[in-house]
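Colleague: Predicted model follows, preceded by the sequence.
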Amino acid sequence: MVLLQALKAAAQPIVTETNFSTREGLNKNKVTGIITDRRGLLWVSTWGGLYRFDGYRFVSYKVRPGDGNELDNSRIDDVQLNKDGNLICQSYDNYYLYDVQQGRFRLLPDVTTDEMYAKRRLLYEPKEFTRDGYRLRLANGSVDYLDGTEWKPLVSDISLGHVNPDGIVWGVLSDGTFHRYVLSRSRYDVLDSQENVLLLHRDGKGQIWQANNDGSVLLRDGLGHRIGYISSSGNVSSQKVIFGRVYSMANDGNGRVLLGTRSEGLCVLTPSGIGYTVKRYMPDAKDNYSLSDSSIYSLCVDGDAVWIGTLLGGLNLMKTEQGRVVFLHRSNRCKNFPEQGRQRDVRSIKKAGDIMILGTSSGIYTFKSQTNAPDKIRFYQSCRVDDDSESLSSNGVILQTIRS
């Protein structure tokens, strides 16, 4: 496997700009507020009504004769999200709740101007975010990217800006036009042709973890620059050191990185200074609630718990019970888990909604995520059937891709 990276690691991102002011439905209306709701939908308030972006064009929500709305005109001066996921809209000195399910405006007599101003003020505070490996910020009317230690401008003249959860920037320019900015990398070239790379992973800080076939683990920044090699004790070394062959990686919700190794157990790395502290979990014959096998092929974080696929020990669920980390599997209280042993290895684990999908050497297993009562889970197997053309073509499932 050859590691690819942008042709110039420090080159600025490509900016793809779209002007939505005169097309796709905004009709030159003055934009006064921008938010993203819990579903990821963009809402824009204007002097000509409220608009929602459906991914292609803007759909308007405004007052019309006989519509039963309490909003008495289409001028909306601001829009904010409330705790229930509905919208609070300001029109002159009045405030209205827009129910996104019912599509209706209702007068809110108890909302104060100070409350709305406090929320709106957040639009003007600097925001740092990442996209496509770049570290970016929206501040002082400009979108900047970090080049080494220096912030450099990409887009300027933004009078009102918003960054959605995908790192896409929406902005009103000083001339009143409304734009979308999508930042991406330039074309790719070979960065590392010397290593036989087993696995690449991006952590919560945007750093790239590169697990190599020789057992070394190389840490890179978001642009691919080398930081150093991770030692088995968690130190970051400028010289190559061997950590152990890593077959799987995952991030948990506490900023830690989990490394599943071949024959050397599960390692949990917690950031500490410029390095990491390492906690290693191995099978223990004296502890029935220890890891069932030392070879970890797959990891999937599920809330506060972690699903673990092993070579010979089948499926494990790592969780904390009464202050102690335990591993639940078929050899202790989860007799309902799929059989373990040779040709029963769990190669991949994915989550789609609340459904877990296991890729194993004996086909695909699906089950509903239930980390609080794993011994009650029902597993459903799909496998190859010789005379069934609609069954799996092969029982050996190594990799899955979830299409969103």
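Modeller: Cool, got the structure.
Colleague: contacts, neighbours, all on C-alpha from now
Modeller: Noted.
Colleague: Now for Gly215, how many residues are close by?
Modeller: By the measure other CA atoms under 10 Å, the count of residues near Gly215 is 19.
Colleague: right, and it touches Lys240 too?
Modeller: No. Counting by CA atoms under 8 Å, Gly215 stays clear of Lys240, with 10.0 Å between them.
Colleague: Surely Ser91 is in contact with Ile76?
Modeller: Yes. Assessed by CA under 8 Å, Ser91 is found in contact with Ile76 at 4.6 Å.
Colleague: Those two: who's more crowded?
Modeller: Ile76 (26 against 21).
Colleague: residues in contact with the more buried one?
Modeller: Taking CA atoms under 8 Å, 6 or more residues apart in numbering, we find Ile76 in contact with Thr32, Ser45, Thr46, Trp47, Gly48, Gly49, Leu50, Cys89, Gln90, Ser91, Tyr92.
Colleague: swap in Thr177?
Modeller: Here Thr177 is in contact with Asn19, Phe20, Ser21, Lys28, Lys30 (criterion: CA under 8 Å, 6+ apart).
Colleague: doesn't Gly176 make contact with the last one?
Modeller: Yes. Under the criterion of CA under 8 Å, Lys30 is in contact with Gly176, at a separation of 6.5 Å.
Colleague: Of the two, which one has the most company?
Modeller: Shown here are Lys30 and Gly176; by other CA under 10 Å, Lys30 has more neighbours (20 against 17).
Colleague: Now do the same contact list for the more buried one.
Modeller: Contacts of Lys30 (CA under 8 Å, 6+ apart): Thr46, Trp47, Gly48, Gly176, Thr177.
Colleague: And the pLDDT at the closest residue to the second one other than its chain neighbours?
Modeller: The one in question is Trp47. Distance criterion CA to CA, 6 or more residues apart in numbering; nearest residue to Trp47, sequence neighbours excluded, is Arg75 at 4.1 Å. With respect to pLDDT, Arg75 has a value of 91.
Colleague: Val44 is in contact with Arg75, correct?
Modeller: No. The criterion here is CA under 8 Å, and Arg75 misses it with Val44 at 12.0 Å.
Colleague: one step back: now the residue nearest to Trp47: phi and psi?
Modeller: Main-chain dihedrals, Arg75, degrees, to the nearest 10: phi -80, psi 120.
Colleague: Tell me who's in contact with it.
Modeller: Thr46, Trp47, Gly48, Gly49, Ser91, Tyr92.
Colleague: same thing but at 7 Å, please
Modeller: Neighbour list for Arg75: Thr46, Trp47, Gly48, Gly49, Ser91 [criterion: CA atoms under 7 Å, 6 or more residues apart in numbering].
Colleague: Report the separation between the third one and Ser159.
Modeller: Right, the one you point to is Gly48. Using CA to CA, to the nearest Å, one gets 19 Å for the distance from Gly48 to Ser159.
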